[in-house]
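Asker: Have a look at this fold, sequence not included:
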């Protein structure tokens, strides 16, 4: 049974997910414009092929999730605009995973944690 009203309804979930995505995007954009570091040093990092592959893997994992979420949500807000909303979100996601230094560092940190995780048996 689909809950139509309340915080778990399609309309509210769409608003919450879009708000989260917009806040994430604005934070990443603000980090690009005003880096949150105190020094005046300019650091230039050139990513290697392995890092670039991790960014593409992150996009390949996150893009279908974004498309799935918007294909499942059925609300009047999306009527007639579902395709453009999905395309805009995928463009934002592509920018986050490939051009945002803050988000790219988060992706690298996530993959490094996965690789250094020790199994205890």
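Answerer: Great, that's in hand. The structure presented is a predicted model; accordingly, all values stated were derived computationally and were not measured.
Asker: For the rest of this, base every contact and every neighbour count on C-alpha atoms.
Answerer: Fine.
Asker: What helix or strand is the residue nearest the centre of the chain located in?
Answerer: By CA atoms, centre = their mean, the mean C-alpha position of the chain lies nearest to residue 93, the distance being 5.2 Å. Using DSSP states H and E, residue 93 falls within helix 82-98.
Asker: Give me the mean pLDDT for that helix.
Answerer: Mean pLDDT, computed over helix 82-98, is 90.
Asker: Can you give the distance of stretch 94-103 from its chain's centre?
Answerer: 9 Å (CA atoms, centre = their mean, to the nearest Å).
Asker: which of the residues in it are buried?
Answerer: Neighbour counts over stretch 94-103 (16 or more other CA atoms under 10 Å) mark 94, 95, 96, 97, 98, 100, 101, 102, 103 as buried.
Asker: for stretch 44-58, same thing?
Answerer: Those buried within stretch 44-58 under the rule 16+ other CA under 10 Å are 51, 54, 55, 58.
Asker: avg pLDDT for that stretch?
Answerer: 86.
Asker: And for it, what's in contact with it?
Answerer: Contact with stretch 44-58 is made by 97, 98, 104, 107, 108, 111, as judged by CA atoms under 8 Å, 6 or more residues apart in numbering.
Asker: What number of residues are in the vicinity of the fifth one?
Answerer: Same thing as residue 108. Residues near residue 108, counting by other CA atoms under 10 Å, number 16.
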